[in-house]
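[1] no sequence for this one, just the structure:
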């Protein structure tokens, strides 16, 4: 190039730079840019965007809009073309026992108390330790991510192992050590369980993926003193309070006979109920119970498939919705469901209440998607962070390919999500701004090794069961 042209070229460069017409640094650098998809945002307006785009940076959503506009504003390290695909918030499982995947199919077709007392509790006493909880949680996390769940709320034992396994695979979790009056596989006394819970709260206080809850098992397994101590711990550290309540008719009747109060009324007499309470199941409720739940802003975790399988009953979800209660969906553990597939849970929830009430308009598909996303996040106290696709929230996002016979045609995205989609349709999962699954392949952990280890453990459990005549 001749030297005489250099001043002219320099002048052009300066003009372009000043005008912003040609300088890459004017475009915000993001980690991931998703383009050309149908976004079901679940924001306050329930916005659905065709040809939508999402910018993700440092684990957060930094831009949501039309692809042509967003692409002109952002420069991405990685771009995901979601043409022909649906983009929605990751699903929120508001109640489960993740490590119980190792007991999937171990004891079925039994009433709840027989199932617990004669099979599950003895098996837990023998086989549950830190290693098996870690393995069971890894297996559960794989299953949940594959089926679009990005956050789960857990109550079990050795919950530090649940937290470690969740962080390793990259799934968001609320962990709560199960507290009871009797010895658990992890702790011999309620006081030890409370101390362990406080340790977890302090350990994960500033963690981006892990939150901790105080988790007394139920009103019938915890003394008033233990319930009050768990409540005080939750208030002290401003953490959720996770408990099974009014799951069975027997529990309901026993509470009436013992206390002269329903389980919810009994908890209210202990000043236990509040907006930090996650009440799992909540099946057998009076009109006053429903009013208490609404007035105290208790979050309900609805577990329709587990309730059906254990014949626990049908929760009055339409009545709770009418009262303004906040309701999320949960799978319960894989020993009583027997899977952790939130798409199946959505489908079951919508259909169960229609046939039970003989009213095809109740618990509509949009409401059920809300339960599985933003309402579930609200139940867990995480609605400011997750549950919808909005600027400023954590980037927990799933992408589903619509190019499939059972997803064609598409008239109503909410209807398609609830009545036609399944967990196996999820192709890409992003949690905390990281791609955890791409094209159905988990990227963060050796899936085959976990399945192999789980089968080895199951073979040992099955052999021991045969020896004792189980």
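    Thanks, I have the structure now. The structure displayed is predicted, hence computed values, not measured ones. Numbering: from 1, shown residues only.
[2] from now on I want contacts and neighbour counts done on CA atoms only, so please keep to that.
    Will do.
[3] might you report the residue contacts of residue 174?
    By CA atoms under 8 Å, 6 or more residues apart in numbering, the contact list for residue 174 reads 151, 152, 153, 154, 210, 211, 212, 213.
[4] in the longest strand along the chain, what's buried?
    The longest strand of the chain (DSSP state E) is strand 28-40. Going by neighbour count (16 or more other CA atoms under 10 Å), the buried part of strand 28-40 is 29, 30, 31, 32, 33, 34, 35, 36, 37, 38, 39, 40.
[5] ditto for stretch 454-470
    Applying 16+ other CA under 10 Å to stretch 454-470 flags 454, 457, 458, 461 as buried.
[6] can you tell me which of the residues you listed are in strands?
    Among these, none falls in strands (DSSP E).
[7] so how far is the first residue of stretch 408-418 from its last?
    Terminal residues of stretch 408-418 are spaced 14 Å apart (CA to CA, to the nearest Å).
[8] residues making contact with it?
    Under CA under 8 Å, 6+ apart, the answer for stretch 408-418 is 40, 343, 346, 347, 350, 365, 366, 368, 369, 402, 407.
[9] pull the most distant pair out of those residues.
    Using CA to CA, the contacts of stretch 408-418 reach their maximum pairwise distance at 350 and 402, which is 21.5 Å.
[10] compare these two and say which is more crowded by neighbours.
    More neighbours surround residue 350 than the other of residue 350 and residue 402, with 23 against 20 (other CA atoms under 10 Å).
[11] and the more buried one, how far is that from residue 117?
    Distance from residue 350 to residue 117, by CA to CA: 31 Å.
[12] the strands in the stretch 101-250 of the chain, which residues?
    For the stretch 101-250 of the chain, strands defined by DSSP state E, counting those that start in this stretch occupy the ranges 149-156, 172-179, 210-212, 215-216, 241-245.
[13] in JSON lines, list these along with mean pLDDT and distance to residue 98.
    Formatted as JSON lines, the strands of the stretch 101-250 of the chain follow (pLDDT from 0 to 100; distance: least, CA to CA, whole Å):
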{"stretch": "strand 149-156", "mean pLDDT": "99", "distance to residue 98": "6"}
{"stretch": "strand 172-179", "mean pLDDT": "98", "distance to residue 98": "10"}
{"stretch": "strand 210-212", "mean pLDDT": "98", "distance to residue 98": "14"}
{"stretch": "strand 215-216", "mean pLDDT": "98", "distance to residue 98": "14"}
{"stretch": "strand 241-245", "mean pLDDT": "98", "distance to residue 98": "15"}
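[14] can you redo the ones you listed as a markdown table with distance to residue 91?
    Listed next are those as a markdown table, based on distance: least, CA to CA, whole Å:
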| stretch | distance to residue 91 |
| --- | --- |
| strand 149-156 | 4 |
| strand 172-179 | 11 |
| strand 210-212 | 16 |
| strand 215-216 | 22 |
| strand 241-245 | 19 |
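[15] of those, which is nearest residue 332?
    strand 149-156 (9.0 Å).
[16] returning to what we had before: for residue 289, find the nearest of the strands of the stretch 101-250 of the chain.
    Comparing the strands of the stretch 101-250 of the chain by CA to CA, strand 241-245 comes nearest, at 11.0 Å.
[17] so what secondary structure elements neighbour the longest strand of the chain?
    Judged by 3 or more CA pairs under 8 Å, 6 or more residues apart in numbering; DSSP states H and E, the packing partners of strand 28-40 are strand 48-57, helix 67-73, strand 74-81, strand 85-89.
[18] touching the helix or strand following the last one from outside, list them.
    Toward the C-terminus, strand 85-89 is succeeded by strand 91-96 as the next helix or strand (DSSP states H and E). Residues lying outside strand 91-96 but in contact with it, judged by CA under 8 Å, 6+ apart, are 148-155, 280, 301, 303, 328-333, 342, 372-373, 376-377, 379-380, 387.
[19] kindly recompute the last result at 7 Å.
    With CA atoms under 7 Å, 6 or more residues apart in numbering as the test, strand 91-96 has contacts from 148-155, 280, 301, 328-333, 372-373, 376-377, 380.
[20] cool, and stretch 324-342?
    Applying CA under 7 Å, 6+ apart, the contact partners of stretch 324-342 are 93-98, 100-101, 103-106, 143-144, 147, 149, 293-294, 297, 299-303, 305-306, 309, 345, 371-372, 375-376, 379, 423.
[21] so for stretch 286-300, what's the average pLDDT?
    Averaged over stretch 286-300, pLDDT sits at 98.
[22] please apply the same query to stretch 77-94.
    98.
[23] what do you get for stretch 109-127?
    Here the average pLDDT along stretch 109-127 is 88.
[24] lowest-confidence helix or strand of the chain?
    helix 6-19 (a mean of 39; mean pLDDT, DSSP states H and E).
[25] pull the distance from stretch 41-55 to the chain's centre.
    21 Å (CA atoms, centre = their mean, to the nearest Å).
[26] and the end-to-end length of it?
    14 Å.
[27] for burial, what's the neighbour tally of residue 220?
    Burial of residue 220 is recorded as 17 neighbouring residues (other CA under 10 Å).
[28] pLDDT wise, what is the nearest residue to it once chain neighbours are set aside at?
    Excluding its sequence neighbours, the residue lying closest to residue 220 (CA to CA, 6 or more residues apart in numbering) is residue 251, at 7.4 Å. Residue 251 carries a pLDDT value of 97.
[29] look up how far residue 410 lies from residue 251.
    Relative to residue 410, and taking CA to CA, residue 251 is found at 44 Å.
[30] same question, residue 455
    Separation of residue 455 from residue 410 (CA to CA) stands at 40 Å.
[31] just residue 330 next, same as before
    To residue 410, residue 330 is 27 Å away according to CA to CA.
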